[in-house]
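Engineer: structural data only, the sequence is not supplied:
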């Protein structure tokens, strides 16, 4: 639970115009303040650590490190910080990934103006908030359980998922190593492990996988 | 004010106070909010209306005759490209800037063929949007003729 009257919010979205809209929305509430903004997942983690917000409004698709991975990291270092995930698209698998990452709120960008304040207020009362179509899907799944694909987290480690994104965005092993502060040899070992685990043989296959699993956008 | 051939003749003082009228079109309200905020921060610009799809964009353009239209591409009911074609046919001088998610030469070419004056990415920084609007505004002739009831200068009125 947190104090409604003094809420500190971090906004993370790679589109400045969206951040501007979100800032307008959040700032319209008395006592709510945008304490920081970020345009990448990595920046979001750094800013969260620095500013310790009550809530992070996190876009899923961001370059370098996506919103789900950033959420995992933030939830680890700041367990009291709540995360609202924003996404352009909906999918059942995405809902599972969102919950698994530690976020308790999932909103479509088309509904952000309508639902964001409600979502933040729900989290203040330790409740979840999901966009209507996601909430219905969760109920359907509960009523009709069926076999589902394993969570991506089960297949790859956190580091490996980060590397999948960087590779899918066109970075070489050398560039991956530089971004992550590891040796080129280590980056290449990770790359080989990823390709083996996912049974892939080319970067284009990896890109398709990354897009399908919302690690990056097309 | 005098009525002259259906046009209002305004004093030069009022002329200088008139702001550039901008129509904002995007199916995401949060994006429209961000764009409106940017425009409102700019003296001399004003959001005259918003639309959430291409069909609404055409209706608003007809109703409000904005100076500039900022148009998203991917929208329900009617795309921004289709709406641009319709608006361009009706208003040859209206400035239309496409704001798209897609960095694609093909899409840019389609936007140009549809009649757009500018093409921006949503990922572009705000300053790029400001620069584009400023550039388009500079090309708007004083007393834009497309707008019925648009102000004309006293000289132009007396020439009739």
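Structural biologist: Right, received. Where do you want to start? Remember, it's a predicted structure, so these values are computed and weren't measured experimentally.
Engineer: pLDDT weak spots in chain B?
Structural biologist: B:1-17, B:142-160 (pLDDT under 70).
Engineer: residues from it in reach of chain A?
Structural biologist: With C-beta under 8 Å from any C-beta of the partner chain as the criterion, chain B meets chain A at residues B:27-35, B:37-38, B:122-126, B:129. C-betas here are computed from N, CA, C, even on glycine.
Engineer: so residue B:133 touches residue B:21, yeah?
Structural biologist: No. Residue B:133 is beyond contact range of residue B:21, at 11.7 Å (criterion: C-beta atoms under 8 Å).
Engineer: give me the common contacts of those two.
Structural biologist: residue B:68 (C-beta atoms under 8 Å, 6 or more residues apart in numbering or on different chains).
Engineer: okay, the two: which has more neighbours?
Structural biologist: residue B:133 (24 against 18; other C-beta atoms under 10 Å in any protein chain shown).
Engineer: assumed the more buried one was part of a helix.
Structural biologist: Yes. According to DSSP: H, G, I helix; E, B strand; the rest coil, residue B:133 belongs to a helix.
Engineer: that one and residue B:60: what is the separation?
Structural biologist: With distances taken as C-beta to C-beta, to the nearest Å, residue B:133 is found 17 Å from residue B:60.
Engineer: residues in contact with the residue in chain B that chain A sits nearest to?
Structural biologist: Nearest residue of chain B to chain A: residue B:34, at 3.2 Å (C-beta to the nearest C-beta). Residues near residue B:34 by C-beta under 8 Å, 6+ apart: A:16, A:17, A:18, A:19, A:20, A:21, A:22, A:24.
Engineer: quick one: average pLDDT of stretch A:107-119?
Structural biologist: The average pLDDT within stretch A:107-119 is 90.
Engineer: can you tell if it touches chain B?
Structural biologist: Yes. Judged by C-beta under 8 Å from any C-beta, stretch A:107-119 and chain B are in contact via A:109, A:110, A:112, A:113, A:114, A:116.
Engineer: need the buried ones from the residues you listed selected in ChimeraX.
Structural biologist: Buried residues among the residues of stretch A:107-119 next to chain B (16 or more other C-beta atoms under 10 Å in any protein chain shown), as a ChimeraX selection:
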select /A:109,110,112,113,116
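Engineer: show me which of the residues of chain B next to chain A are buried.
Structural biologist: Of the residues of chain B next to chain A, these count as buried by 16+ other C-beta under 10 Å: B:27-35, B:37-38, B:122-124, B:126, B:129.
Engineer: ranges for the strands of chain A?
Structural biologist: Applying DSSP state E to chain A gives strands spanning A:7-12, A:32-38, A:55-59, A:82-87, A:105-108, A:129-130.
Engineer: then chain B?
Structural biologist: Here chain B has its strands, by DSSP E, at B:2-4, B:7-9, B:20-25, B:45-51, B:68-72, B:95-100, B:118-121.
Engineer: before we move on, the earlier item: the strands of chain A: which one's closest to residue A:184?
Structural biologist: strand A:32-38 (27.7 Å; C-beta to C-beta).
Engineer: so which elements touch that closest one?
Structural biologist: strand A:7-12, helix A:16-27, helix A:41-51 (3 or more C-beta pairs under 8 Å, 6 or more residues apart in numbering or on different chains; DSSP states H and E).
Engineer: which ones among the residues of stretch A:107-119 next to chain B map onto helices?
Structural biologist: With helices taken from DSSP state H, the overlap with those comprises A:112, A:113, A:114, A:116.
Engineer: closest to residue A:105 out of those residues?
Structural biologist: Nearest to residue A:105 among these, counting by C-beta to C-beta, is residue A:116 at 9.0 Å.
Engineer: wait, doesn't the closest one sit right on residue A:58?
Structural biologist: No. In this structure, residue A:116 is not within contact of residue A:58 by C-beta under 8 Å, at 11.7 Å.
Engineer: so what sits against both of these two?
Structural biologist: residue A:84.
Engineer: domain assignment for chain A?
Structural biologist: A:4-143, A:152-212 (automatic domain parsing).
Engineer: highest mean neighbour count out of those?
Structural biologist: Across the domains of chain A, averaging neighbours per residue (mean count of other C-beta atoms under 10 Å in any protein chain shown) puts domain A:4-143 on top, at a mean of 20.
Engineer: which one is residue A:65 nearest to, not counting chain neighbours?
Structural biologist: residue A:41 (3.0 Å; C-beta to C-beta, 6 or more residues apart in numbering or on different chains).
Engineer: show me the contacts for that neighbour.
Structural biologist: A:12, A:62, A:64, A:65, A:66, A:67, A:69, A:70.
Engineer: between the domains of chain A, which gets nearest to residue B:140?
Structural biologist: Per C-beta to C-beta, nearest to residue B:140 of these: domain A:4-143, 22.7 Å.
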